[in-house]
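K.L.:
return a 3D structure for these sequence lines:
(chains A and B)
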2 protein chains.
Amino acid sequence: MEGFTYLWLIWEFENGTPGGTAADIANDVQTENKRGTTEKWFPTVRPPRLGGTKRRGVFATRSPFRPNPIGLTCVKLERIELTENGPIIHVLGADLRDGTPIFDIKPYIPFADCHPDAQGGFIDETPWQELTVHCPAKLLQAIPEEKREGLLEVLGQDPRRAGSKHEPERTYHLAYAGFDIAFTVDNTNLYVQRIEPAIS
Amino acid sequence: MEGFTYLWLIWEFENGTPGGTAADIANDVQTENKRGTTEKWFPTVRPPRLGGTKRRGVFATRSPFRPNPIGLTCVKLERIELTENGPIIHVLGADLRDGTPIFDIKPYIPFADCHPDAQGGFIDETPWQELTVHCPAKLLQAIPEEKREGLLEVLGQDPRRAGSKHEPERTYHLAYAGFDIAFTVDNTNLYVQRIEPAIS
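P.N.:
Numbering: from 1, shown residues only, chains lettered A, B, ... in the order given. As a prediction, this is how the structure comes out:
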C-alpha cells in the first residue's frame, strides 16, 4: 500500500448532524443518536458554496443529506505503523469525525481516478469565500500549540452551516480538538469570542 | 449536474463472480445467486495486473473480493435525458454489469478528487500486457456491427481472470453483448475460436 500517494475512504455519515457544535456532539453521545443524515434527505439541497440560498439536486452535490449515507474522501497516505494489534494507517486531509465507521479503503489509481480535464460545475463557478480570522492571542493560548494553525485554517474556510449564514447577530460554535470555539462573523471578517473546553 | 464532466458511482458487487462467462451469468440468474463476492474475501488477493502470481493486501487493490462489497467507478457524464418517469443519466466508461445496484452518485470535484501528483504503486510499476487479437471475419459478423470494435478492444485488454492465466491449453469464455466468445491465448496472441449466442 505504501506505493500509493492517496487512498479513498468510503464511510458512513452518522452521529447526528454534520457541522454540529461541541454541545451537539456531546448531546449525540448522550442520546446515542446514530440516525445519521439519511432520514433528513430531500431531492434537492442548498450547498454551502452557493451561500445556502440556491438548490441543487442532491446527486450533483457531496451533501451528507442523501438517500444512502455514504461519504467518499480522498486522503493522503502519510505512513503505515505496524503494531502488535495490526497495522495503523496514518492519513492526512480526512474530513471525518473521530469514530466514523469506515466501510472500505481503496488505493487512488491515477489512470482511473485522476481527470485533469474535469469541469467542476457550480463548484468551479463559485469561488469559496474565505474569511479573515481575528483571534485574541490570549484566547488562542488555551489551545495546544500544535493545534492552533489548524484551527485558524478551519475558521478561515468558514465552517458555518449554509442555512445559518444570513444571521449577522448570531454567535456560531465550532467543535475543535476538544474545545468549543464561539465566534461571530461580519461580512468577510470572523471574530473569535470565546474558547472553552467542550462539555463532556 | 450537467456542469460536471465526471461522476462517481458507488455500487454493489453482486450477481456472482466478476469476470464470469455467459454460462456463469445465466446460472446466476437461474439460481438467483446474489451472494456477491464478500463471502469469498481474503486479507490478500492476487491482482490480475501482477499476472495472478503475487499477493497484495486487499485494501491496496480494487479487487471485488473485499470485506464490504462496494465498488467505486468514475464515469464520464454523457447527457441527461428527461423522461416522463424521471431523468435518465447516460454515462460512459462504466465497468458495471447491467442491473448492478447503485448506492450513490456524486459529482467528481476536481479540487478534492484530481491529484496529478499521485503515484499508483504496483499499478504504475506494472504495465498492463495487452494482447494482439486474431478474429476470423466470418465469426465477427455474428456480432452487431456497432458492437464489434468494443469487443475487439475488450479482448485486446486481456479479460482473463488472474488465476487462470497460466493454462495455455485452456479455452476461455467472455460474455459480451448477449454472445459467448470462446478464445485461446498463446503468449501475447489471442485467437477467437467461436462466437455464439449466449444460452438464456
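K.L.:
by residue count, tell me the biggest strand in chain A.
P.N.:
Determined from DSSP state E, the single longest strand within chain A is strand A:70-83.
K.L.:
report the distance from that one to the chain centre.
P.N.:
16 Å (C-alpha atoms, centre = their mean, to the nearest Å).
K.L.:
what residues sit buried inside that strand?
P.N.:
Buried residues in strand A:70-83, counted by 16 or more other C-beta atoms under 10 Å in any protein chain shown: A:70-77. C-beta coordinates here come from the backbone N, C-alpha and C atoms, glycine included.
K.L.:
where's the spatially most central residue of chain A relative to A:M1, distance?
P.N.:
Nearest to the geometric centre of chain A sits A:D95, at 4.6 Å (C-alpha atoms, centre = their mean). As for A:D95, its distance to A:M1 is 21 Å (criterion: C-beta to C-beta, to the nearest Å).
K.L.:
kindly report the same for A:V154.
P.N.:
From A:V154 to A:M1 the distance is 28 Å (C-beta to C-beta).
K.L.:
again, but for A:P107
P.N.:
According to C-beta to C-beta, A:P107 and A:M1 sit 7 Å apart.
K.L.:
higher neighbour count, these two?
P.N.:
A:P107 (27 against 17; other C-beta atoms under 10 Å in any protein chain shown).
K.L.:
the spatially closest residue to that one that is not a sequence neighbour pairs with what?
P.N.:
Spatial nearest neighbour of A:P107, chain neighbours left out: A:F4 (4.3 Å); criterion: C-beta to C-beta, 6 or more residues apart in numbering or on different chains. Taking DSSP bridges as the rule, A:F4 bridges to B:G120.
K.L.:
pretty sure A:F4 sits against B:H115.
P.N.:
No - counting by C-beta atoms under 8 Å, A:F4 does not reach B:H115; the two are 10.6 Å apart.
K.L.:
now for the residue of chain A positioned farthest from its centre: which residues touch it?
P.N.:
Centroid-distance maximum for chain A: A:E84 at 31.4 Å, with C-alpha atoms, centre = their mean. By C-beta atoms under 8 Å, 6 or more residues apart in numbering or on different chains, the contact list for A:E84 is empty.
K.L.:
gap between it and chain B?
P.N.:
Note on A:E84: its distance to chain B, by C-beta to the nearest C-beta, to the nearest Å, is 17 Å.
K.L.:
over to A:E167?
P.N.:
A:E167 is 28 Å from chain B, by C-beta to the nearest C-beta.
K.L.:
could you list the domains of chain A?
P.N.:
When chain A is parsed with automatic domain parsing, its domains come out as A:6-113, A:129-197.
K.L.:
next structured bit after the lowest-mean-pLDDT helix or strand in chain A?
P.N.:
Of all helical and strand segments in chain A, the minimum by mean pLDDT, DSSP states H and E falls on helix A:22-31, at a mean of 64. Proceeding N to C from helix A:22-31, the next assigned helix or strand is strand A:44-45, under DSSP states H and E.
K.L.:
partners of that next one, with directions?
P.N.:
Counting by DSSP bridges, strand A:44-45 is paired with strand A:56-57 (antiparallel).
K.L.:
what does the strand it pairs with contact?
P.N.:
A:43-47, A:50, A:122, B:1.
K.L.:
buried by neighbour count, from those: which ones?
P.N.:
Buried among those by 16+ other C-beta under 10 Å: A:45-47, A:50, A:122, B:1.
K.L.:
and the residues you listed, which two are furthest apart?
P.N.:
Greatest spatial distance among those (C-beta to C-beta): A:R46 and B:M1, at 15.7 Å.
K.L.:
and the longest helix seen in chain A, what does it pack against?
P.N.:
Longest helix in chain A, counting residues (DSSP state H): helix A:145-156. Other helices and strands packing on helix A:145-156, by 3 or more C-beta pairs under 8 Å, 6 or more residues apart in numbering or on different chains; DSSP states H and E, are strand A:132-134, strand A:172-176, strand A:179-186, strand A:189-197.
K.L.:
A:A177: which of the contacts of strand A:56-57 is nearest?
P.N.:
A:P47 (26.7 Å).
K.L.:
identify the residues contacting A:P110.
P.N.:
B:115-116, B:118-120, B:124.
K.L.:
ok, of those residues, which come out buried?
P.N.:
Using 16+ other C-beta under 10 Å, the buried members of these are B:115, B:118-120.
K.L.:
dump those residues to TSV, plus pLDDT.
P.N.:
Output for the buried ones among the contacts of A:P110, formatted as TSV (pLDDT from 0 to 100):
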residue	pLDDT
B:H115	94
B:A118	94
B:Q119	93
B:G120	91
